[in-house]
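# need a 3D model of the following:
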Amino acid sequence: MAVLGGVARAESLTVQPVEVTDWKAVYARIEARDRVPARARIGGVLVDLQVGEGDTVTEGQPLARIVDDKLAFQLSALESQKAAVAAQLANATSEVRRGEELLKQGVTTAQRLDALRTQADVLAGQLAAIEAQAQVTRQSQTEGVVLAPAAGRVLDVPLSRGAVVMAGEAVATLAVGGSFLRLAVPERLAGALHEGDAIRIEGMAGGKLVKIYPLIENGRVVADVEVPDLPDGFVDARVLVRLPVGHHAALVVPQAAIVTRDGLDFVAVEGAAGAEMRVVVPGTREVGQVEILTGLVAGDVVMTQAPKAGGGDE
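Numbers count the residues shown, from 1 in each chain. Okay, here's the model as predicted:
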């Protein structure tokens, strides 16, 4: 509420209309800035799950382990092929050395030696290809460990041990990057919202409207509010906030100027015959000041400290 207007005297105040802010109470949700899924890189059976909902993880931390038994069989087959080709290569290398000796003695031809060398090169290439395939299989086995893509908190773990997992399936969902408030208000209030507006939040320090989305969905405008030290213990928790949606002229008096008797609110107003108690209807109370809806007019001089009259309950 705006600061009191009017001309102040000792323990009295001449009330004048001042501009006060109209606040709209709505609910906002605490949301994670980003929700990142930790996905399986291979298909298989989930044999180990190391995290649960609510756990805090660091980037690169192992979350789960997936095993595909076929990879072990493929690796065994490749190792057998590698051993067979390695034996053929060793024999071909011996034939090349033997051919070189025979060529020096003139027993064989250079053409025959070139054929032996070509055969050895082909086997060496096959051995390298098999080794590369084995490396790919070993890499696939290591990719069975699901790692946290970023530091954050685990929101959801949709799978359990023993589940069959497909490549690309989410094993866990993480909330990363902190949290913020997201609210949705009726579209009729869209023109009253401006980025940078101060937002009041129940039970917390105030926030600031940082982003208004241009797309209206289901008749509501979506906006984000930045709040320092916003608690993130519960994601999607609802919080009551108040948005500035307009202004109006009002008469305000200090809270101390109002006295309550028999369920009615009074304000002491100075008149020609001295102070008189006038019935008023108070409105919004804020920061020690009260908006008066009816009972006062501009120019009235009110006592800023209500008199202690005998009789009645204050």
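# for the stretch 101-250 of the chain, what spans make up the helices?
Here the stretch 101-250 of the chain has its helices, by DSSP state H, counting those that start in this stretch, at 110-142.
# can you give me the strands in it?
With DSSP state E, counting those that start in this stretch as the criterion, the stretch 101-250 of the chain has strands at 145-147, 152-156, 164-165, 170-186, 198-201, 207-217, 220-226, 238-254.
# residue 133 reaches residue 79, doesn't it?
No. Residue 133 lies out of contact with residue 79 (C-beta atoms under 8 Å); the separation is 10.5 Å. Heads up, the C-betas are built off the backbone N, CA and C, glycines and all.
# in this protein, where is pLDDT below threshold?
1-10, 306-314 (pLDDT under 70).
# for it, what's the longest strand?
Assignment by DSSP state E gives strand 18-39 as the longest strand of the chain.
# contacts for the helix or strand hosting residue 45, please.
Per DSSP states H and E: residue 45 is located in strand 44-49. Residues from elsewhere that reach strand 44-49 (C-beta atoms under 8 Å, 6 or more residues apart in numbering): 63-69, 144, 157, 159-165, 171.
# elements contacting the helix or strand that that strand is followed by?
Moving toward the C-terminus from strand 44-49, the next helix or strand (DSSP H and E) is strand 56-57. Contact partners of strand 56-57 among helices and strands, from 3 or more C-beta pairs under 8 Å, 6 or more residues apart in numbering; DSSP states H and E: strand 152-156.
# what's the strand it packs on in contact with?
By C-beta under 8 Å, 6+ apart, strand 152-156 touches 32, 35-36, 51-57, 63, 172-177, 232, 235.
# could you flag which of the residues you listed are buried?
By neighbour count, with 16 or more other C-beta atoms under 10 Å, the contacts of strand 152-156 hold 32, 36, 51, 55, 57, 63, 172, 173, 174, 175, 176, 232 as buried.
# okay, the residues you listed in CSV with distance to residue 207 next?
What follows is the buried ones among the contacts of strand 152-156, written out as CSV (distance: C-beta to C-beta, whole Å):
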residue, distance to residue 207
32, 16
36, 24
51, 31
55, 28
57, 28
63, 33
172, 30
173, 26
174, 24
175, 19
176, 21
232, 14
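# CA atoms of stretch 242-252 as CSV?
What follows is stretch 242-252 as a C-alpha-only set of coordinates in CSV (Å, rounded to 0.1, in the frame of the first residue of the first chain):
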residue,chain,number,x,y,z
ARG,A,242,-0.4,-11.9,-5.1
LEU,A,243,0.0,-10.1,-8.4
PRO,A,244,-0.3,-6.3,-8.9
VAL,A,245,-3.1,-6.0,-11.4
GLY,A,246,-4.0,-2.3,-11.2
HIS,A,247,-4.3,0.8,-9.0
HIS,A,248,-7.1,2.9,-7.5
ALA,A,249,-7.5,6.0,-5.3
ALA,A,250,-8.3,5.4,-1.7
LEU,A,251,-8.3,7.0,1.7
VAL,A,252,-5.9,5.4,4.2
